[in-house]
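Engineer: I would like the atomic coordinates for the input below:
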Amino acid sequence: MIEGVQRRATKLVKDVEHLHYNDRLEHLGLMCLHTRRIRNDLIDTYKIINGMYNAKTELFFDHDQSGNEAIQRNYLTEDLHLVAE
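Structural biologist: Residues are numbered from 1 along each chain as shown. Predicted structure coming up:
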């Protein structure tokens, strides 16, 4: 749904309305919603690992048998709010 809004909005920009959606995004310096979500997930993961969020890391990471931290594949509930320090 949100991607559709962006798709329609980019068609309103003069001189790129004739291009395909991905070409319009590239020309305008934008990313598709899926790519933005992945990018933001990577940024948030970096911030959690480096202590930039005041969050309980055990919600995100689990220690494996060698003592290294490994990312859990759990899905978080919406009631978890990360607070930037």
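
Engineer: so where's the longest helix in this structure?
Structural biologist: helix 33-49 (DSSP state H).

Engineer: same for that helix, what does it pack against?
Structural biologist: If you count contacts as 3 or more C-beta pairs under 8 Å, 6 or more residues apart in numbering; DSSP states H and E, helix 33-49 packs onto helix 2-11. Backbone N, C-alpha and C define where each C-beta goes, glycine included.

Engineer: so what does the helix it packs on touch, helix or strand wise?
Structural biologist: Secondary-structure packing of helix 2-11 (3+ C-beta pairs under 8 Å, 6+ apart): helix 21-28, helix 33-49.

Engineer: okay, those, which one's buried deepest?
Structural biologist: Of all the helices and strands packed on helix 2-11, helix 21-28 has the most neighbours on average by mean count of other C-beta atoms under 10 Å, namely a mean of 14.

Engineer: how near is Met52 to Asp44?
Structural biologist: 9 Å (C-beta to C-beta, to the nearest Å).

Engineer: now Leu12
Structural biologist: 31 Å.

Engineer: can you give me the end-to-end span of stretch 18-36?
Structural biologist: Start-to-end span of stretch 18-36 (C-alpha to C-alpha, to the nearest Å) is 24 Å.

Engineer: oops, could you answer that again for stretch 12-26 instead?
Structural biologist: Stretch 12-26 has an end-to-end distance of 15 Å (C-alpha to C-alpha).

Engineer: who touches it?
Structural biologist: Stretch 12-26 is contacted from outside by 7, 10-11, 27-28, 30-32, using C-beta atoms under 8 Å, 6 or more residues apart in numbering.
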